[in-house]
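K.L.:
below are the sequence and a predicted model for it; my questions follow.
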Amino acid sequence: MNSTSSSVQSSSSFSAESLNKEGSGKFQSIIREKLLDGVVRSATLATEGTDKWLVMVIDDDAVKVINTVMGMYDIMEHRVTLVELLSRERQPFPDMDVLYIVSPTVSSIQRIINDFSN
């Protein structure tokens, strides 16, 4: 009876893991769609009909989310030519539009303000 009981527990545990992975994949797919279609594509619509490309500036939290749900190729397909970290010194690109994807933290906002001050 114990072996049957543990066998059933293993089976149900395996099913729960499978459901979690499937649910996680769906969640990642939704986040990917919202980021690409809702944020990146919206920003690139402003450059359609021109030869302009975007620079994307992201903070450390955005890096974690973006790396989890998509690859650089996905971003580059949406007229983003360069992805820069907000926390690093960056070269100015005054002739390019910039898309910031950041957390609403004091440090991230201060860095954006500094970008526009320089």
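P.N.:
In hand now; what should we look at? Numbering: from 1, shown residues only.
K.L.:
off-centre distance for stretch 55-63?
P.N.:
Its chain's C-alpha centre lies 8 Å from the corresponding centre of stretch 55-63 when counted by C-alpha atoms, centre = their mean, to the nearest Å.
K.L.:
all helices of the chain, in order?
P.N.:
Chain-ordered helices for the chain, with DSSP state H as the definition, fall at 2-33, 41-45, 60-69, 72-76, 106-117.
K.L.:
so who does the residue nearest to the spatial centre of the chain touch?
P.N.:
Residue closest to the mean C-alpha point of the chain, counted by C-alpha atoms, centre = their mean, is residue 66 at 2.4 Å. Remark: with contacts taken as C-beta atoms under 8 Å, 6 or more residues apart in numbering, residue 66 is in contact with 35, 58, 75, 101. In this view, the C-beta of every residue, glycine as well, is placed from N, C-alpha and C.
K.L.:
got those residues as CSV, with distance to residue 112 columns?
P.N.:
Formatted as CSV, the contacts of residue 66 follow (distance: C-beta to C-beta, whole Å):
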residue, distance to residue 112
35, 19
58, 12
75, 19
101, 11
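K.L.:
save these as CSV, and put in neighbour count too.
P.N.:
Output for the contacts of residue 66, formatted as CSV (neighbours: other C-beta atoms under 10 Å):
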residue, neighbour count
35, 20
58, 23
75, 21
101, 20
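K.L.:
restricted to strands, list those residues.
P.N.:
When the contacts of residue 66 are checked against strands using DSSP state E, the ones located there are 58, 101.
K.L.:
which of the contacts of residue 66 lies closest to residue 52?
P.N.:
Of all those, the one sitting nearest residue 52 is residue 75; the distance, using C-beta to C-beta, is 15.8 Å.
K.L.:
correct me, but that closest one touches residue 83?
P.N.:
Yes. Here residue 75 lies in contact with residue 83, judged by C-beta atoms under 8 Å, at a distance of 6.4 Å.
K.L.:
which residue, other than its chain neighbours, is closest to residue 96?
P.N.:
Distance criterion C-beta to C-beta, 6 or more residues apart in numbering; nearest residue to residue 96, sequence neighbours excluded, is residue 55 at 5.1 Å.
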